[in-house]
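1. Structural data only, the sequence is not supplied:
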């Protein structure tokens, strides 16, 4: 077994900053979503692709792939959202074993109400702290890291 490639001080600083950023940014975005829109981040995560799909209808497994969630997580979250009237499940016409998830009018109203304050939070907490000339550098770095990761999330 080879010697580990330990992080140098600069790499450790970047890594600790990333871990802290991820933790605190996600927590603050969740707090604001609940406060301003009455939605959890999990609900918002599923409502976005549903609201962007014609007819607001997606196969559950496709929705799971889109957000990187496993089947059981999708199933449990959709069940919670059904109880709140945000979505309904329907039978899949092509496969009796599959199910479809449809955005309800209440779900559409919830995402429409929550989106403006959410995008403002993303802008104020993240993008306003980044200089314009840093955006392309960051995008390139993030894309290179993403390209190294397995694409089979969920």
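-> Cool, got the structure. Small disclaimer: the values here were computed from a predicted structure and weren't measured. Numbering: from 1, shown residues only.
2. Work out which residue lies at the spatial centre of the protein.
-> residue 45 (4.4 Å; Cα atoms, centre = their mean).
3. Spit out the contact partners of the nearest residue to that one once chain neighbours are set aside.
-> Among residues not flanking residue 45 along the chain, residue 67 sits closest, at 5.3 Å (Cβ to Cβ, 6 or more residues apart in numbering). Every C-beta, even on glycine, is put in place using the N, C-alpha and C of the backbone. Contacts for residue 67 (Cβ atoms under 8 Å, 6 or more residues apart in numbering) come out as 45-46, 49, 74, 154.
4. Mind doing that once more with 10 Å?
-> By Cβ atoms under 10 Å, 6 or more residues apart in numbering, residue 67 lies in contact with 42, 45-46, 48-49, 73-74, 77, 153-154.
5. Turn those into CSV, columns for secondary structure and pLDDT.
-> Supplementary listing: the contacts of residue 67 in CSV, determined by DSSP: H, G, I helix; E, B strand; the rest coil; pLDDT from 0 to 100:
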residue, secondary structure, pLDDT
42, helix, 96
45, helix, 96
46, helix, 97
48, helix, 96
49, helix, 97
73, helix, 94
74, helix, 95
77, helix, 97
153, coil, 55
154, coil, 49
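6. Could you pick out the buried ones from those?
-> 42, 45-46, 48-49, 74, 77 (16 or more other Cβ atoms under 10 Å).
7. State which helix of this structure is the longest.
-> Identified as the longest helix of the chain according to DSSP state H is helix 9-32.
8. host element of residue 88?
-> Per DSSP states H and E, residue 88 falls inside strand 87-91.
9. now swap in residue 141 and tell me
-> Going by DSSP H and E, residue 141 is in helix 132-148.
10. And residue 101, by the same measure?
-> strand 99-103.
11. following that strand, which helix or strand shows up next?
-> Of the helices and strands lying after strand 99-103 in sequence (DSSP H and E), the nearest is helix 105-125.
12. Could I get the phi/psi values of the residue nearest to residue 45?
-> Main-chain dihedrals, residue 67, degrees, to the nearest 10: phi -100, psi 0.
13. go on, residue 79?
-> Here is the backbone geometry of residue 79 (degrees, to the nearest 10): phi -60, psi -40.
14. what about it, neighbour count?
-> Counted with other Cβ atoms under 10 Å, residues neighbouring residue 79 total 11.
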